[in-house]
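Q: no sequence on hand, only this structure:
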């Protein structure tokens with residue numbers, strides 16, 4: 001019996017690519033800006049090759065008004081551009097405009113295992129007690145997500161806590177495809193890119209709930225389309241507690257609303273949370289909230305203004321999306337052609 005180690009599986013050796021997408025369901029808010037848009041721009045400006053799509057295929061896993069879906073797609077694209085993404089340096093496109101997403105998703109549906117999908121917690125959360133009423137697409141959309149990533153052989157994916165499980169599924173699918181078809185290193189095993197100091201922005205009314213466009217209270221979130229007075233008013237009215245700003249290093253698990261506001265301030269000002277608490281320690285929220293409101297307005301007002309300008313010129317957005325779709329397809333189509341050959345489809 002040999003004690004020799006098994007031969008190493010060849011690793012992926014292709015170029016670095018960073019990929020992400022935002023669903024075309026409209027109503028972007030501060031959580032989207034801090035957790036995604038701001039980070040995408042920072043990655044682009046640091047020289048990362050960024051692939052950023054508008055996830056309209058994912059959006060229809062739940063009902064979307066067909067009369068509004070195209071406008072919602074343009075709104076997400078406008079937010080990308082308004083946040084500083086440059087279509088000359090990053091590829092921006094609508095997911096449904098590149099048919100290779102759907103083609104690869106079917107092949108990967110046949111690679112993924114039912115047990116893997118049964119473990120996906122987001123389906124359980126989104127389907128609730130009546131999963132039999134949910135669309136099949138909602139159940140299988142993590143496989144489409146894997147196709148989105150592997151189609152462009154992305155090596156890194158900006159990932160929040162709620163998406164880590166899906167990225168692990170993508171890695172499992174990639175590894176199984178490479179092994180099953182004897183093509184080691186064909187698909188990369190993408191790595192997560194963690195976010196900054198506010199990867200998960202919580203509700204302004206409930207520090208235990210994620211900031212969400214589906215919350216019935218508009219006071220729970222700061223929308224990217226809110227004007228300066230609205231932003232300031234929401235922060236003034238945001239929930240805190242009867243205490244004062246904490247000391248550096250103080251545990252805040254029992255003060256979730258305070259923890260959330262500190263995280264937002266840190267992310268907007270590119271500081272650590274300890275730096276923020278060091279600046280405001282012992283002060284009342286009557287001193288802290290106006291400073292946070294000023295910071296939020298200064299950070300978001302240029303984005304809001306540019307978004308409104310772009311939304312008033314849909315032809316310009318469409319030009320960017322069309323060009324991006326053509327560039328994305330030029331990369332994606334050859335990958336799908338190669339996958340078809342690997343799988344053994346008639347060519």
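A: Arrived safely, thanks for sending. Values in this document were obtained by computation on a predicted structure and should not be read as measured data.

Q: could you use CA atoms for every contact and neighbour count after this?
A: OK.

Q: the helix ranked longest in the chain: how far from the chain's middle?
A: With secondary structure taken from DSSP state H, the chain has its longest helix at helix 314-343. Put simply, helix 314-343 sits 20 Å off its chain's centre (C-alpha atoms, centre = their mean, to the nearest Å).

Q: could you identify the helix or strand that succeeds the helix or strand of the chain with the lowest mean pLDDT?
A: Within the chain, confidence by mean pLDDT, DSSP states H and E is lowest for helix 121-127 among all helices and strands, at a mean of 78. Next helix or strand after helix 121-127 toward the C-terminus (DSSP states H and E): helix 136-151.

Q: and the closest residue to residue 239 other than its chain neighbours, helix, strand or coil?
A: Excluding its sequence neighbours, the residue lying closest to residue 239 (C-alpha to C-alpha, 6 or more residues apart in numbering) is residue 205, at 5.3 Å. Secondary structure for residue 205, judged by DSSP: H, G, I helix; E, B strand; the rest coil, is coil.

Q: return the list of helices and strands in contact with the longest helix of the chain.
A: Helix 314-343 sits against helix 66-82, strand 91-94, helix 100-109, helix 136-151, helix 285-311, with contacts defined as 3 or more C-alpha pairs under 8 Å, 6 or more residues apart in numbering; DSSP states H and E.

Q: let's see that with 6 Å instead.
A: The contact analysis (3 or more C-alpha pairs under 6 Å, 6 or more residues apart in numbering; DSSP states H and E) places helix 314-343 against strand 91-94.

Q: gap between the strand it packs on and the chain center?
A: The answer for strand 91-94 is 14 Å, by C-alpha atoms, centre = their mean.

Q: that one pairs with which strands, parallel or anti?
A: Strand pairing for strand 91-94, using DSSP bridges, gives strand 50-55 (parallel).

Q: ok, and what's touching the strand it pairs with?
A: 18-24, 90-95 (C-alpha atoms under 6 Å, 6 or more residues apart in numbering).

Q: list just the nearest of these to residue 129.
A: Taking C-alpha to C-alpha as the measure, residue 23 is the one of the contacts of strand 50-55 closest to residue 129, at 23.8 Å.

Q: residue contacts, that closest one?
A: Applying C-alpha under 6 Å, 6+ apart, the residues contacting residue 23 are 54-56, 59.

Q: now with 10 Å?
A: 53-60, 72-73, 76, 94-95 (C-alpha atoms under 10 Å, 6 or more residues apart in numbering).

Q: any chance of TSV for these, columns neighbour count, distance to residue 271 and pLDDT?
A: Converted to TSV, these look like this (neighbours: other C-alpha atoms under 10 Å; distance: C-alpha to C-alpha, whole Å; pLDDT from 0 to 100):
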residue	neighbour count	distance to residue 271	pLDDT
53	27	29	98
54	27	30	98
55	22	31	97
56	22	34	97
57	19	36	97
58	21	34	95
59	21	34	95
60	18	38	95
72	22	33	96
73	26	32	97
76	25	27	96
94	26	34	98
95	25	34	98
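
Q: return the member of those nearest to residue 153.
A: Nearest member of the contacts of residue 23 to residue 153, counting by C-alpha to C-alpha, is residue 53, at 14.5 Å.

Q: measure that closest one to residue 90 for me?
A: From residue 53 across to residue 90, the span is 10 Å (C-alpha to C-alpha, to the nearest Å).

Q: and what of residue 235?
A: 33 Å.

Q: same deal with residue 307?
A: 18 Å.

Q: which one of these two is surrounded by more residues?
A: More crowded of residue 307 and residue 90, by other C-alpha atoms under 10 Å: residue 307, with 23 against 20.

Q: wait, that one sits on residue 78?
A: Yes - with contacts defined as C-alpha atoms under 10 Å, residue 307 counts as touching residue 78 at a distance of 5.4 Å.

Q: need the residues touching each of the two.
A: residue 313.
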